[in-house]
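Asker: Fold the following, please.
(chains A, B and C)
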Amino acid sequence: MSESPDRTPLPRSFFDRPVLEVAPDLLGRTLVRNSPDGRIELRLTEVEAYAGAIDPGSHAFRGRTARNAVMFGPPGHAYVYFTYGMWHCLNLVCGPEGEASGVLLRAGEILTGAEQARKRRLSARYDSELAKGPARLATALDIARTLNGTDACAGPDSPLTVLTGTPPTPDLVRNGPRTGVGGDGAPHPWRFWIDGDHTVSPYRAHAPRKRRPESP
DNA sequence: GCGATGATGATCT
DNA sequence: GATCATCATCGCT
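Answerer: Numbering: from 1, shown residues only, chains lettered A, B, ... in the order given. Down below sits the predicted model:
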């Protein structure tokens, strides 16, 4: 039996390239999540590149820590982190081992398994909102820190895999500043998305938190 | 449609 | 103790 070309898993060599090549190339690919609940497939529509130690916006900028250790490992593995006390975000490690680059998967269109995704995303009014935003994507796909370090190139039945999918024509790929990234990392136009796709999340500029007023 | 704000905890200084 | 690669809700111009 032969798989159709778009069902072929992306090999590790796909991720072992400069992150600014890999990130736009991930658009239109099929992210497969095999969870105990079942299988969910999603077409990636929005990503952001984080360029390791040279990138002030990257978790790896200040060197290796227990949290970001996976980013310093081999490409093709999942880096999952927990943030704002509530949410998970999913990245794929890119570039050669030690470079600590990665791509944040920010949004996508659920292709199969929408019923399970809806159960985890009760506030979503439309299916286009199921994975519109990095934490929403992680919630819809049942991504948690137990998946941190998972090899996404270990075959189509592993917990996480990326298939070849159907990339958009190059004229539909847009790029701009990264969402929620401030400081010296803000100017880099390293967010990539598919133009006109209704599952792409709205852009939000970095907003420094205001301190709570002092008690009287 | 938009801006402000609270939720909630791990991580790092 | 501040920050955080966010989200949902509320109130309004």
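
Asker: For A:Pro187, the count of nearby residues, please.
Answerer: 11 (other C-beta atoms under 10 Å). No exception for glycine: its C-beta is placed from N, CA and C like everyone else's.

Asker: repeat for A:Ser4
Answerer: So A:Ser4, with other C-beta under 10 Å, has 8 neighbours.

Asker: What's the separation between it and DNA strand B?
Answerer: Distance of A:Ser4 to DNA strand B, given as C-beta to the nearest atom of the strand, to the nearest Å: 38 Å.

Asker: Then A:Ala135?
Answerer: 10 Å.

Asker: any idea how far A:Thr30 is from A:Leu10?
Answerer: 9 Å (C-beta to C-beta, to the nearest Å).

Asker: joint contacts of the two?
Answerer: Overlap of the contact sets of A:Thr30 and A:Leu10 (by C-beta atoms under 8 Å, 6 or more residues apart in numbering) consists of A:162-164.

Asker: ranges for the strands of chain A?
Answerer: With strands called from DSSP state E, chain A shows them at A:30-35, A:38-51, A:78-83, A:87-94, A:101-112, A:160-163, A:173-176, A:191-194.

Asker: tilt between the second one and strand A:87-94?
Answerer: Meaning strand A:38-51. Angle of strand A:38-51 versus strand A:87-94, following axes from the mean of the first three to the mean of the last three C-alpha atoms, to 10 degrees, is 70 degrees.
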